[in-house]
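Participant: no sequence for this one, just the structure:
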């Protein structure tokens, strides 16, 4: 397995195993402040009935814990911690710092974020804090300290949950000051900053640090490296907030693991760097039940989270039914909650949790489903949750702690995303997450198990490395790719890779010369981005989104463009084990291309001959087979297995009904 | 007829009859400030020629009347009042308070509204006042006082017109202060407020009144009850502004009726509460001449306004030709102005007025048509206005003061609209006004005369009560519906009814238990909102917009879902006289369903066998028949009538040409 | 040729000839600050190889020249001026005032513009200056003075380039003060202003100058004449900024021509007024290579710029390949850069320049192509530039200074555009630039050479005057049109012409009475704007966008409406030589109509029988023939010519390959 990336990992540290202890964690966010105390007892009864063994408390409790500055009201939480413990339910205790109480904004308006246009984000919702506010950080540390001191020794405590979905921004004056400090740390001198940002263009040269602002609303396009550094800074400031709280709880409870919940493929956090600071990597995952690629999107997030965790991970939030933040919020059809929960387990989750336990009757999320919905105990949602809890209990001991091996790494880097997503680029149709999804989908549909890796990770353990698009590559990353291929690896790169260096400076020739040499490309004359619904004909397939006017040197041309201005020029080319794909092939073509390259690199699908919409994953010695279709399917599984869910022995053809799952042990 | 609703009406009060005196008021807004004095005399000549008997003066005259603080310039208005009187034209005199003079914003910037984002609405347009500004209210009261003192006894005065289209908002600091006062009046204690708003969620608990702000721009979704109360507050503050001015003019002229002009189905005012404070209910009505449902939309507004008025009402503004505020502003084809004017009379209007008399040559509304357009006296518009004026004079004595009887009530409540229209709900495709329009359209197309009522009104006079969608229902309203059915009434409810209580707290089970019992529903498992263009098959029709996973108890299932996940589950069900419709049937299906239910309740169409696009309404003993099509139609009218418009005797088949109208007296 | 319009031109002044001296200027913006000094020498080598004889220096150099207030760093520019001179390359020296250094915004935040909503446009991009800021103007004048003093005598200097693409706005407080000064100059008294703006409507009467603000964010529509005057003011303030700098450099170098580069059909500058203040009229031209009307749009801008220049003009900026500010930025196919460059020469350009010489590797425009692209010397782009440079050198002596004669004038006025583009008008589908493009396209497709003229220009030299749409016409303009027709001219007017006077006051009857008389129209009853995709049938063609309910007096009706409400009414009518077109005929119909009218006025196409997509232009005695298609075409050219590009003799049929061009000399 690859290393932890450029950020050094901690030495001995607690892990998810310290919380699971052979059970899959099952439960969810529990916000009992919303309910009278009699409901708490009813909750415990239903939790136990449903096999819930873990709840997350306190995520949004700051105003309740500290109703006015410095006050502390812990009694209610004492009761709940004891109640959970008595019920045999572990507590993931959250610091409540994602939603400051109203008094903070009123007494300290400088804690409120300002957006790019200078508009304040007021209290009355959540996440109305500036990551750069010393006042906010002070209050957040104080309540964290007191929580850790009070509950660090409580027997119900199993894990710390810092803040919630870190996702704030600030373009205000205090953020400007911390941005300058961050830039001074990074660049040391203004000359270095001016050089890195290319301020010679458009008369942007800075003569003093105090002249630098966050990239606020401007007349025209902003300096792209200024914006890129501001994104890095924002991720880093949020990480600073996290680390401050983590260090406090770690001081009190060195053996209790700490996490903060990611949002999947979230632009605001460089999760490679963040994961290195966590004991447990957790994620919130909400695919749209109507999305025809919901299962694959889930798999992508699960693969990425597992790769960030270097092993088992925690599904911190999912929805038992509909969410409430889409335009139209569809419920989950019967069986889908179970299917997608077991998919997460198949792909490495040792915890299956929800937002939230009991659906709210008031507030902004009252139409977000809960494990116990508005329909209550008799509702279909709770009934399905209860059955799932029982199944997870059945398989827990065989599953938890097991690892997944992947021969393929898909490279992803937030810096490349951030740099490539700016204004003033060749095509606004190129959407980095969508390109990554397209390549992952091709691998998923080819039944190839894939890990994610950072471009500077050690890649030597992989047989195939796939780069959907890394517009920005550091020199170290370029050298890493070259070394990987020199070492016998097979590399497939998509277009817009290796264009810029780490300062978003375009490399001479418009693409790194070492990569051009690697692929056998002499000259990259022009990019020919395609319009939204446009296609280009190539030998054997149609390309979308992009095309290129390339002149090959010593490459083998695998496929040529066959229409328009580029007719006869190379579309896909390779030089030995290094492939370059200058367009986005349509889905089936990309799937077949990657399956072929993988086969050439000695990588086989998990199972041969799998029907469409059936997913197979090996976790440890277990083989998970999942039917994402609504029709019954039959799958050939060589050998004899026991299905841990049913206890049945499976030899030869395995039949799975609608949304059916088998967990097969040899 | 049902009562006046939850707000008690005044005792003895003047009414529209005091202004009409047997004539239909005909005329419009007159803004003579725009024209030289010689034009005024020409105007009187043309008004008299056109049968104009009423003009509204002074709506936008504040800067002219009070060019600097405290100044008064009445001479020009004296002249005009006298001129109107001499011409036999009554004056609806407006307080000019909807558009303060420029000096007010300059000297008192705190009178300017701030929007949700903190941005100021500057002067230079109109309606740039904060409803909460003490300074604004002071100046508005002073000019109203002086107008009432000076013109209260003028013989031309027939009615007071307070302000114009109240529609402003304010999220600024003075509004914050009045919002806190309003909340203290409502809740008395912070505990009650925190409980009602559900502030336990997301750490929003308030520890002091001063911590509460208007629901300003925030990072994520706002507290829905906070937003709901802010909408109630906004309507109430505007109403306070109205009442202040009304009480001033009433003190001077206790026998002169007072109105303020509504916009139809306007989200910003709870018109049930407002109407109770008016002597005359008036409305501005501007259907798009190109809208294929323009006539039905007009009928809806007319039915609602009549119901708010409990009798005859005033069409304060309509357009003789095009408006100027749509994207593409279509003129009215020949005959349409007459048709829609007579439709208003058919549905209870005793006044047919326009914005404005003479089309502006300057300013923001110069492309909004007038009764005298840019083409002047020879223009088609004025020529048609003149003919209409003569016709209204012919029928006036037989029409004015007559009432309309409806056996059907359609329930509507602003609180339900406001609460249901928030962010974070199941489907953004569900648009309350559009749902109401769909149900009213079904009734209109079935030729069933409908009244509007508030859910807490006495409903016992109606044979059928229709609830398109009342997401929020107070306990009193729920009990009112139950009592209505117990009393023998027939009730039809659409989906998303009875979900929340008056604080927008979801009722246990997701729908009020008493209503579930009423309809025979055991469990509401999940809502299945439909995507924009999606349909669902049901027995006998197709549903749109919404579907539901329902489990019936003792209901009779009238129609089942017949596709998708809900196949076989109930779509439409009833228990005795209580019907529940869990989707939005396509138009013809909803029309037929309601016609059947109405027939079952003993309610018949106005006439049998009416062709499509022909409307029939009984007002008093008169029968109005209107052809909204461009082709000639023949209608069977039993008995013998005299057509008041032509004087002809009508026996048996009645033929109406394009846009033709008959006003038949037995 | 027509006169210079309402603004008197200067007496003796330098001109483009002073810079060209018989050569076509070829080169572009050069921003050497971006590159190390060694690249400068490489640049000179490549420039000379490519025939570059002119570069523009200093456009964005302010922070480099004045890194802190009052500092001056000229050494680097000295080096470059000398280097260019040594290389035989002339320098168009820019004042750097379009992008102030960061210190200016920090020390003087009042120099930053505020938008309509009060939001600041911060530094970090470009053009972050308020045209009204005395501080900005002070610093801009000082750096201009010092540049002019230092380089006025440098032998490389050929022209001054003031600022860059003037395009800023300001609604802030200092702009409010200068707006009031501008209004006082214009109106002298508040009464006059109130009368012109029609403030009597909506209570907008001003009682003191200090009450007037820029038309900031408001509750509803703004006063249109207020907005119109603010647009005039904005153009005038920018022009003041230009004139201040021009006068400084003129004082130092009275014989060096001065320009500032326009953006084509840019709403922010009344270019008729601006051109009168320039020695050289220059423009930046960036048609989309994918636009099927790219060539015609280019021709339009070229015709307009030539008309503003009254002779040869300068193409200051174009792109050698893709730009980077569209959504999808397409490169130029092989040959297109040459074709469009020669098209500019054909239509009067004596300078063919680019933004920019060497494509940036950093900053906001790094994906905007350069003459030397990222692919460098071997890239297709540079190779094509080099060939073009050689061709321009070949034809330069025969081309420069030659004039183009047009018998047709198309009238255009910014005031009409500004007044007609406001909120609250009959149809938002009517887009003035699009209407002008439609009419120019019809003339271009009919191969009729067209000039642009201001409606108050002397039109007597033209045989045909075409008015696509002049919503606003001053009395002088109306009289000018009448005199033109009286003098024997043929006039064709499109709809929405002559509606308003110079204060945007609608003329009685909705269209100027003198024009109605001219066209033989009795009454304009109503406008019937069409919806986006709607058509109306007329005799012989289909109309789009608009139709009218007209009553003819003594006009001859050329075509009637044949559908809908207007069936039988006049669509196109004429009275002698005055034509009125009340709809927008579909393209081929408008082309044929104008070709017929032109023929009737004695105007012939440049060549008869030209294939579609072939353009022919006579410049002096030369005949340019350009093939805008990708297929080979053959053109009949009467007589014998020499093709200056190839040296070949052409007699009879001329064959042009894809994007082929011939420059034929008799």
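Facilitator: Yep, it's here. All values derive from a computational prediction rather than experimental measurement.

Participant: so which bits of stretch A:78-86 are buried?
Facilitator: Buried residues in stretch A:78-86, counted by 16 or more other Cβ atoms under 10 Å in any protein chain shown: A:80, A:81, A:83, A:84. Heads up, the C-betas are built off the backbone N, CA and C, glycines and all.

Participant: with stretch A:555-572 instead?
Facilitator: A:555, A:557-562, A:565-566, A:569-572.

Participant: now these in CSV, with distance to chain B?
Facilitator: Converted to CSV, the buried residues of stretch A:555-572 look like this (distance: Cβ to the nearest Cβ, whole Å):
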residue, distance to chain B
A:555, 46
A:557, 44
A:558, 40
A:559, 38
A:560, 40
A:561, 36
A:562, 36
A:565, 38
A:566, 37
A:569, 41
A:570, 42
A:571, 36
A:572, 37
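
Participant: within reach of chain C, which of those residues are there?
Facilitator: Contacts with chain C within the buried residues of stretch A:555-572, counted by Cβ under 8 Å from any Cβ of the partner chain: residue A:565.

Participant: sorry, back to before: let me know the closest of the buried residues of stretch A:78-86 to chain B.
Facilitator: Set against chain B, the nearest of the buried residues of stretch A:78-86 by Cβ to the nearest Cβ is residue A:80 (13.2 Å).

Participant: show me what stretch A:391-400 is in contact with.
Facilitator: Identification of contacts with stretch A:391-400 by Cβ atoms under 8 Å, 6 or more residues apart in numbering or on different chains yields A:17, A:20, A:22-24, A:26, A:51, A:312, A:338, A:341-342, A:345, A:350, A:352, A:619-620, A:622, A:644-645, A:663, A:665.

Participant: let's see it at 7 Å
Facilitator: The contact list for stretch A:391-400 (Cβ atoms under 7 Å, 6 or more residues apart in numbering or on different chains) reads A:20, A:22-24, A:26, A:51, A:312, A:345, A:350, A:352, A:619, A:622, A:644-645, A:663, A:665.

Participant: which of the residues you listed are buried?
Facilitator: Of the members of the contacts of stretch A:391-400, the ones counted as buried by neighbours, 16+ other Cβ under 10 Å, are A:20, A:23-24, A:26, A:51, A:312, A:345, A:350, A:352, A:619, A:622, A:644-645, A:663.

Participant: quick check: domain ranges of chain A?
Facilitator: Domains of chain A are assigned by automatic domain parsing as A:17-172+A:257-399, A:408-600, A:614-665.

Participant: what's the end-to-end length of the last one?
Facilitator: So that's domain A:614-665. 18 Å (Cα to Cα, to the nearest Å).

Participant: near chain B, anything from that domain?
Facilitator: No - Domain A:614-665 stays clear of chain B (Cβ under 7 Å from any Cβ of the partner chain), getting no nearer than 9.4 Å.

Participant: could you look up the SS state of the closest residue to residue A:623 other than its chain neighbours?
Facilitator: Leaving aside its sequence neighbours, residue A:623 sits nearest to residue A:664 (Cβ to Cβ, 6 or more residues apart in numbering or on different chains; 4.3 Å). Put simply, residue A:664 is strand when judged by DSSP: H, G, I helix; E, B strand; the rest coil.

Participant: correct me if wrong: residue A:527 contacts residue A:426.
Facilitator: Yes - look at residue A:527 against residue A:426 with Cβ atoms under 7 Å: they come within range, at 5.1 Å.

Participant: what does the stretch 201-350 of chain A have sitting close to chain B?
Facilitator: Residues of the stretch 201-350 of chain A lying close to chain B (Cβ under 7 Å from any Cβ) are A:321, A:322, A:324, A:325, A:327, A:328, A:329, A:330, A:331, A:333.

Participant: show me which pair in the buried residues of stretch A:78-86 is furthest apart.
Facilitator: The largest separation in the buried residues of stretch A:78-86, counting by Cβ to Cβ, is between A:81 and A:83 at 7.3 Å.

Participant: neighbour count winner among residue A:527 and residue A:426?
Facilitator: Using other Cβ atoms under 10 Å in any protein chain shown, the more surrounded residue of residue A:527 and residue A:426 is residue A:527, with 27 against 23.

Participant: quick one, phi/psi of the residue lying closest to residue A:349 once chain neighbours are set aside?
Facilitator: Among residues not flanking residue A:349 along the chain, residue A:315 sits closest, at 4.6 Å (Cβ to Cβ, 6+ apart). In terms of degrees, to the nearest 10, the main-chain angles of residue A:315 are phi -80, psi 100.

Participant: mind listing what residue A:315 touches?
Facilitator: Going by Cβ under 7 Å, 6+ apart, the list of residues near residue A:315 reads A:283, A:285, A:344, A:349, A:351, A:352, A:353.

Participant: report the beta-bridge partners for it.
Facilitator: Following DSSP bridges, residue A:315 is listed with bridge partners residue A:283, residue A:352.

Participant: for the stretch 351-500 of chain A, what lies in contact range of chain B?
Facilitator: A:360-367, A:374-376, A:378-380.

Participant: nearest to chain B, of those?
Facilitator: residue A:362 (2.5 Å).

Participant: what is the neighbour count of the closest one?
Facilitator: Residues near residue A:362, counting by other Cβ under 10 Å: 23.

Participant: with the one 3 residues further on instead?
Facilitator: Other residues within reach of residue A:365, judged by other Cβ under 10 Å, total 24.

Participant: from residue A:218, how far off is the residue nearest to it when sequence neighbours are not counted?
Facilitator: Closest residue to residue A:365 apart from its sequence neighbours, by Cβ to Cβ, 6+ apart: residue A:324 at 6.1 Å. To residue A:218, residue A:324 is 35 Å away according to Cβ to Cβ, to the nearest Å.

Participant: also residue A:466?
Facilitator: Look at residue A:466 and residue A:218: by Cβ to Cβ, they are 37 Å apart.

Participant: and for residue A:314?
Facilitator: As defined by Cβ to Cβ, residue A:314 lies at a distance of 41 Å from residue A:218.

Participant: neighbour count: the two, which is higher?
Facilitator: Set side by side, residue A:314 and residue A:218 show more neighbours around residue A:314, with 30 against 21, by other Cβ under 10 Å.
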